[in-house]
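Trainee: Return atomic coordinates for the entry below.
(2 chains)
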Amino acid sequence: EPEVTQTPSHQVTQMGQEVILRCVPISNHLYFYWYRQILGQKVEFLVSFYNNEISEKSEIFDDQFSVERPDGSNFTLKIRSTKLEDSAMYFCASSGQGADSPLHFGNGTRLTVT
Amino acid sequence: TQLLEQSPQFLSIQEGENLTVYCNSSSVFSSLQWYRQEPGEGPVLLVTVVTGGEVKKLKRLTFQFGDARKDSSLHITAAQPGDTGLYLCAGGMWGAQKLVFGQGTRLTINP
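Mentor: Residues are numbered from 1 along each chain as shown, chains lettered A, B, ... in the order given. A predicted model of the protein is given here:
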């Protein structure tokens, strides 16, 4: 069964550094998402991406965050200058048609900012 | 701000017992999805309910969407140790693509 893959599984970075989290969504999916889960807290929506542009973003997704689909397969999340509070599990997800369609999640990247 | 509250947050029962997990909100959702999340993995979709009052069954799991589309429940019959895990509900909204997640119910089934 097709799956969403994320790399790396764990990223440690120093405060102020830039990080890029990578995702390969399911190939025939049209919508792509990033969610995050701070330890012990809810899964939170960050951004959705459709037709090569951001279609929706949350208040969390400020100017420090950006997303890109540089080619036909990868979907990346960049954090320009990481803060301690950015430490979390970051999940990429994809779906065929939108929020009412099943989201397929990757296994996440655990980002630790020191 | 749309919020989904799950209860209980933790539940530990013996194998063979029945249980119900609740997901409640003051907001109306276009759909309600239930996920199960294992440690170190992403959430995996169990079911989507889209019609108020809808009931879906998945083997020993029964999912219900409230008539007013503000709440949902997950009922497990004759729980087994393999049912142990974190169960998440998530609501979809009309005109939006994001899902709003509950905080999860951590279920432990003891042999």
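Trainee: show me where chain A has strands.
Mentor: Here chain A has its strands, by DSSP state E, at A:5-7, A:10-13, A:19-24, A:31-37, A:43-50, A:53-57, A:65-68, A:75-79, A:88-95, A:104-105, A:109-113.
Trainee: Same question for chain B.
Mentor: Using DSSP E, strands in chain B cover B:5-7, B:10-14, B:19-24, B:31-37, B:44-49, B:55-58, B:61-65, B:71-76, B:85-92, B:99-101, B:105-110.
Trainee: Quick one: those strands as JSON lines, columns for distance to A:L21, mean neighbour count and mean pLDDT too.
Mentor: C-beta: built from backbone N, CA, C; applies to glycine. Shown next, in JSON lines, are the strands of chain B (distance: least, CB to CB, whole Å; neighbours: other CB atoms under 10 Å in any protein chain shown; pLDDT from 0 to 100):
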{"stretch": "strand B:5-7", "distance to A:L21": "27", "mean neighbour count": "16", "mean pLDDT": "97"}
{"stretch": "strand B:10-14", "distance to A:L21": "30", "mean neighbour count": "13", "mean pLDDT": "97"}
{"stretch": "strand B:19-24", "distance to A:L21": "29", "mean neighbour count": "19", "mean pLDDT": "98"}
{"stretch": "strand B:31-37", "distance to A:L21": "19", "mean neighbour count": "23", "mean pLDDT": "94"}
{"stretch": "strand B:44-49", "distance to A:L21": "20", "mean neighbour count": "18", "mean pLDDT": "94"}
{"stretch": "strand B:55-58", "distance to A:L21": "32", "mean neighbour count": "13", "mean pLDDT": "96"}
{"stretch": "strand B:61-65", "distance to A:L21": "32", "mean neighbour count": "20", "mean pLDDT": "97"}
{"stretch": "strand B:71-76", "distance to A:L21": "31", "mean neighbour count": "21", "mean pLDDT": "98"}
{"stretch": "strand B:85-92", "distance to A:L21": "21", "mean neighbour count": "24", "mean pLDDT": "95"}
{"stretch": "strand B:99-101", "distance to A:L21": "19", "mean neighbour count": "25", "mean pLDDT": "94"}
{"stretch": "strand B:105-110", "distance to A:L21": "26", "mean neighbour count": "17", "mean pLDDT": "97"}
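Trainee: Please render the ones you listed as a markdown table that adds distance to chain A to the earlier fields.
Mentor: Converted to a markdown table, those look like this (distance: least, CB to the nearest CB, whole Å):
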| stretch | distance to chain A |
| --- | --- |
| strand B:5-7 | 9 |
| strand B:10-14 | 12 |
| strand B:19-24 | 12 |
| strand B:31-37 | 5 |
| strand B:44-49 | 5 |
| strand B:55-58 | 13 |
| strand B:61-65 | 12 |
| strand B:71-76 | 14 |
| strand B:85-92 | 4 |
| strand B:99-101 | 4 |
| strand B:105-110 | 11 |
